[in-house]
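Participant: quick check, what structure comes out for this input:
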Amino acid sequence: MNATFAALADPTRRAILARLAQGEASVNELALPFAMSQPAISKHIKVLEHAGLISRSREAQKRPCRIEAKPLAEASEWLERYRQFWEGNFQRLDGLLEELKALRPDGL
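Facilitator: Got it, this is the predicted structure:
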């Protein structure tokens, strides 16, 4: 999971994943919206591959990239546990604030 979060830390890699969520794409297609060289995009793709977030296949001369859901699902499940924790804390804080407001003579 460390590799997943490290890969997701970069906005270029997140944008590549967003594009791949729409369907397969070649490295050249993935490079189009970015002001960087094709080798730089290839490095980002290798990081995403290493994290298991994308895979590439061989189709004749092309090697299309596709998104892999499992690592994202695992990261989402991990984050969900913490979201529930913080949501519970915020609900308790809301309750405390309501109690304190009720104790104030002006009701504010």
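
Participant: tell me which residues touch residue 5, please.
Facilitator: Residues near residue 5 by Cβ atoms under 8 Å, 6 or more residues apart in numbering: residue 75. Every residue, glycine included, has its C-beta placed from N, CA and C.

Participant: now do the phi/psi pair for it.
Facilitator: Here is the backbone geometry of residue 5 (degrees, to the nearest 10): phi -70, psi -30.

Participant: so it versus residue 51, what's the distance?
Facilitator: Separation of residue 5 from residue 51 (Cβ to Cβ, to the nearest Å): 9 Å.

Participant: same check, this time on residue 83
Facilitator: Separation of residue 83 from residue 51 (Cβ to Cβ) stands at 22 Å.

Participant: quick one: the strands in the protein, in order.
Facilitator: 54-56, 65-67 (DSSP state E).

Participant: in the last one, which residues are buried?
Facilitator: Neighbour-count burial for strand 65-67, counted by 16 or more other Cβ atoms under 10 Å, picks out 65, 67.

Participant: neighbouring contacts of it?
Facilitator: 16-17, 20-21, 23-27, 30, 45, 53-57.

Participant: buried ones among these?
Facilitator: 16-17, 20, 25, 27, 30, 45, 53-54, 56.

Participant: hmm, back to that, who has more neighbours, residue 83 and residue 51?
Facilitator: residue 51 (21 against 10; other Cβ atoms under 10 Å).

Participant: measure that one to residue 95 for me?
Facilitator: Distance from residue 51 to residue 95, by Cβ to Cβ: 40 Å.

Participant: kindly report the same for residue 63.
Facilitator: 55 Å.

Participant: now do residue 77
Facilitator: Going from residue 77 to residue 95 by Cβ to Cβ gives 28 Å.

Participant: for residue 103, same thing?
Facilitator: When residue 103 is compared with residue 95 (using Cβ to Cβ), they lie 13 Å apart.

Participant: neighbour-wise, which of those two wins?
Facilitator: Per other Cβ under 10 Å, whichever of residue 103 and residue 95 has more neighbours is residue 95, with 10 against 7.
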